[in-house]
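Visitor: how would this look folded up:
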Amino acid sequence: EVLPGYAHDVEPARVEFSLDARIPEDYIDHPSERIDFYRRLAHAEDLEKIELIEEEVVDRFGPLPKSARNLFAGARIRVLATRTGFSEVSVRDRDVLLKERTGFFSQERLSKSLDVFGDRIGFQADGTWKVVRTTPALLVEDMKKFKDLIDMAGQIVSGSR
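Guide: Just a heads-up that it's a prediction; the model follows:
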């Protein structure tokens, strides 16, 4: 599935979590309602839509349990990863692997990533970034900063170079 609004209709980033990221049955007990929220989250193409869905869920069902907070963080990570040039994100405990869509690093992206992630980031030859000592919520905030930096530099990432 291709998300509209991305440069060149880029395929959305794939996000894998080792964390529990779901809407619990005891939080929203009607399966059709849970499925509807999953569907809407999967199709949300920007952070504002995710925020609106989260506000609706909280308004209707109360504070989000941890697994639902992880689910919303995963949706935000998907949008931010796609918009910043990553094709895959793998969240494992407190480490995250981010795979570059293009498979290589530009000097400008490396510089901006170091500004945001500092000593928590490492780079691998296959175009994968490894961010250590993070959480889904911290990763969302870091990726927002990274997106802002590359946007300000006029480097909005497209699907091809």
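Visitor: am I right that residue 96 is in a strand?
Guide: Yes. Assessed by DSSP: H, G, I helix; E, B strand; the rest coil, residue 96 belongs to a strand.
Visitor: what's near enough to touch it?
Guide: Shown in contact with residue 96 (Cβ atoms under 8 Å, 6 or more residues apart in numbering): 89-90, 130-131, 134, 139. Yep, even glycine has a C-beta here, placed from its N, CA and C like the rest.
Visitor: hey, what's it bridged with?
Guide: Following DSSP bridges, residue 96 is listed with bridge partners residue 91, residue 131.
Visitor: thought residue 27 was touching residue 65?
Guide: Yes. Between residue 27 and residue 65 a contact is recorded at 5.5 Å, counting by Cβ atoms under 8 Å.
Visitor: any idea how far the residue lying closest to residue 73 once chain neighbours are set aside lies from residue 60?
Guide: Take residue 73 and drop its neighbours on the chain: the residue closest to it by Cβ to Cβ, 6 or more residues apart in numbering is residue 136, 3.6 Å away. Distance of residue 136 to residue 60, given as Cβ to Cβ, to the nearest Å: 23 Å.
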